[in-house]
Every structure is written in C-alpha cells, then in structure tokens.
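K.L.:
The sequence and its predicted three-dimensional model are supplied below.
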Amino acid sequence: MIEKINALLAEVETLAANDEKELEALRIKYLGKKGLINELMADFRNVPGDRKREIGIRLNELKTALQDRLNALRAELATHEEDHSGLDLTRTPYPVRLGTRHPLSIVRNEIIDIFSRLGFSMADGPEVEDDWHVFSSMNFAEDHPARDMQDTFFIEQHPDIVLRTHTSSVQSRVMETTQPPLRVICPGRVYRNEAISARAHCFFHQVEGLYIDKDVSFTDLKQVLLTFAREMFGADTRIRLRPSYFPFTEPSAEMDISCNICGGKGCSFCKHTGWVEILGCGMVDPNVLEANGIDSNIYKGYAFGMGVERITNLKYQVSDLRLFSENDVRFLDEFMAAN
Ligand code: PHE
C-alpha cells in the first residue's frame, strides 16, 4: 500500500487541467466518493496496527497534496479565463493608423474658413435639381447656347430634372427665400457629362459666393477676391481680371493669380505666362435678381465661383484629377501634414 501511495504522490505534481471540466474529472478521480483516496481509506482499515501510523501520515500527506494541487489548478484556470475575457481579438493592432482628411475637404474647409472670416455664411442645396434653379432662374434662356457650356446630365423621362452643373442653383434657392443683405458661400458637388481623364471628371466640387446689398460695386468684388487669393496662396499673390461671359453676371470676368509655383516669372506650370486661372466672377445680372424675387432697382450684387479641385491642384500640384476619387491611401497619406 505504501508503494501505491508513493506512486500517487509522485503523480500529483504532473496533474494538469485545461478547463473546468477536466479539473472536475480529476477531483472525482482522486477525491470523489468512489475516488482513489476513499479507496485507499477503505484499504487502510486492513493495515496492521504497527504500520497504521506510518501509512496514515503518508495517506494524509497525499490527500493534502492532491487538494493543494487541485486548488492551484483551479486558481490557474481562473486567471487564464480573466486573460481571455480581456483580450479583444477584433481590436486594431498597435500602432493605430490615423486617417487623413481628403485633400479636397482640406482645401474646401480652408476656403470656407477664409470667407467666413469675411462675414460669409454657408448655404446648401440639392444635387438633383430642377431646370429652374440650375438654368432658367440664372438667366439661361430656353434655347440659349450657354446651356451647352455645361454638359448636363438629365434624369431620364424627366427632362426638367438635372444633376446640378454648378452650385449657382444654391444661390437661386437662397435668393428666393431670403431678402438682402445677403452674404453666402455655397460649397458642393456638381456634375458634368464629360469623359473621365486626367484633366476632366464627370463630377467635381465648387464653392460659389454671392453678395447682395445696396451699393455693391465691382471694387468690392475685386477686394474680396484679392484678400481670398492672398490668404489662400500667400501674401505676395497678385490677381488679374480678364473680361469673360456668364449668363448670370454682367459684367463677367475670369480671375488669374500670379503663378504660385514660379511666383509669376513663368514656368511650365503656368505655360510661361506667369498667371494661372482660378475662378469666374461678376456683378449679378439684374435679370437674375428679378427672377429670384429681388428688386434690382434697389439691390446689386456680385458672385464668384471656383472649382475646389482646381485650387487643390494649384496648392498641391496634383496633376491627375482621377486621384481625387480613387481613394488610394498612398495618395491620401501625402496630406497627413496638411490635416
Ligand atoms: N457658375 C459658374 C460655373 O460653374 C461659376 C461662376 C459663379 C461664375 C458665379 C461667375 C459667377 O462655371
């Protein structure tokens, strides 16, 4: 019997359990009612009196050792279980990569920021618009060739509904609901039916501005745009206005800034002219004011509109428009510092 006890004592340290179930099986095997210990206890009755003391002590040792071992295994299982519950396998591995703002958002926010410092508030409108807000209220006559200037996406079976080709539609919506003085900018996405290439896309982004009050002059427009250009491209930036045509403004102009790459000396970026075009502008045509419920005898206004992609190209020299809509992280990562 003493051999049996010694063999079991040696076994104690090797006992292992992977989970609660295995642990319980061990307990039943050794300490259960019909377990080995009770079996030994039964045998113990037959031990001759002179050996009872020696074997009794060993048997107790074995029982204590087994209990200690099983308790230790139980404690071990409990801490393991804690570890598992604290381990979130769905977590992103360290280091966590922070995303960047999209370059167009960075530049749009900067444009908004500059104009809000000049007192402009923001206005918003639908991208799927009716003909009235995109064209008619903006002084595009029914068969006016100017409608061809902007290749329009029409909604099938609803020739009156279009994807807006410019955010001037938002200007119209603001005018029809608000009386002057008005000072708003309208940032948003616009659509034109163009083949996608490095230089053109079927959608892009604009920020248009509208200012209507008594006694508004072209000088006011020029000063606001000069301030904008200098805030955006640096204090040395110069501007120049060239006569142009838009149905909704009269007179109309296109504005160039001194090339921000070569500082106006001439380089391949500005095709050696020293100037790059950034926006269209002009005094709001009285017809537009009248069409939108504003008395053109009392009020005057100016408007301007720029492409966010264009400004971004000039600021960051992105040569291919398609990069803006591909969401390639290698491209987006380059704007980490500009965030
Ligand atoms: N709406 C014009 C365009 O999309 C831009 C513009 C806005 C021009 C306001 C002049 C005044 O081309």
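P.N.:
Received the coordinates, thanks.
K.L.:
Would you check that residue 138 makes contact with residue 284?
P.N.:
No - using C-beta atoms under 8 Å, residue 138 is not in contact with residue 284, being 9.8 Å away. C-beta: built from backbone N, CA, C; applies to glycine.
K.L.:
any common contacting residues for those two?
P.N.:
Common neighbours of residue 138 and residue 284, counting by C-beta atoms under 8 Å, 6 or more residues apart in numbering, are residue 248.
K.L.:
any low-confidence regions in the protein?
P.N.:
80-84, 145-150, 339 (pLDDT under 70).
K.L.:
The ligand contacts on that one?
P.N.:
Neighbours of the ligand within the chain, by C-beta under 6 Å from any ligand atom: 166, 168, 208, 246, 249, 280-282, 303-305.
K.L.:
need those residues in CSV with secondary structure and neighbour count, can you?
P.N.:
Output for the residues of the chain next to the ligand, formatted as CSV (DSSP: H, G, I helix; E, B strand; the rest coil; neighbours: other C-beta atoms under 10 Å):
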residue, secondary structure, neighbour count
166, coil, 25
168, helix, 29
208, strand, 24
246, strand, 23
249, strand, 25
280, strand, 21
281, strand, 25
282, strand, 24
303, strand, 25
304, strand, 23
305, strand, 23
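K.L.:
Can you lay out these as TSV showing distance to residue 6?
P.N.:
Output for the residues of the chain next to the ligand, formatted as TSV (distance: C-beta to C-beta, whole Å):
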residue	distance to residue 6
166	95
168	98
208	94
246	104
249	105
280	100
281	101
282	105
303	101
304	98
305	96
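K.L.:
Now tell me what touches the host helix or strand of residue 175 from outside.
P.N.:
Assessed by DSSP states H and E, residue 175 sits inside helix 168-177. Contacts with helix 168-177, where a contact means C-beta under 8 Å, 6+ apart, come from 123-126, 129, 132-134, 137-138, 182, 184, 186, 188, 208, 210, 212, 248, 288-289, 291-294, 303, 305.
K.L.:
for it, which positions count as buried?
P.N.:
Residues 168-175 are the ones in helix 168-177 that count as buried (16 or more other C-beta atoms under 10 Å).
K.L.:
The contacts of helix 168-177, buried ones only, as a PyMOL selection?
P.N.:
Buried residues among these (16+ other C-beta under 10 Å), as a PyMOL selection:
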select buried, resi 123+125+129+133+134+137+138+182+184+186+188+208+210+212+248+288+289+291+292+294+303+305
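K.L.:
Give me the subset of the contacts of helix 168-177 lying in strands.
P.N.:
When strands are assigned by DSSP state E, the members of these inside them are 129, 182, 184, 186, 188, 208, 210, 212, 303, 305.
K.L.:
all helices for the stretch 101-250 of the chain, in order.
P.N.:
Remark: helices assigned in the stretch 101-250 of the chain by DSSP state H, counting those that start in this stretch are 103-117, 131-134, 168-177, 218-233.
K.L.:
need the ones you listed in a markdown table with distance to residue 204, can you?
P.N.:
Converted to a markdown table, these look like this (distance: least, C-beta to C-beta, whole Å):
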| stretch | distance to residue 204 |
| --- | --- |
| helix 103-117 | 9 |
| helix 131-134 | 15 |
| helix 168-177 | 14 |
| helix 218-233 | 18 |
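K.L.:
Next, the buried residues of stretch 53-71.
P.N.:
For stretch 53-71, burial by neighbour count (16+ other C-beta under 10 Å) applies to 55, 58-59, 62-63, 65-66, 69-70.
K.L.:
what does it contact?
P.N.:
1-2, 5-6, 8-9, 12-13, 15, 23, 26-27, 30-31, 37, 40-41, 44, 47.
K.L.:
and with 7 Å instead?
P.N.:
1-2, 5, 8-9, 12, 15, 23, 26-27, 30-31, 37, 40, 44, 47 (C-beta atoms under 7 Å, 6 or more residues apart in numbering).
K.L.:
From those, pick the one nearest residue 105.
P.N.:
Proximity of the contacts of stretch 53-71 to residue 105 (C-beta to C-beta) peaks at residue 23, which lies at 57.3 Å.
K.L.:
what's near enough to touch the closest one?
P.N.:
By C-beta under 7 Å, 6+ apart, the residues touching residue 23 are 17, 70, 73-74, 77.
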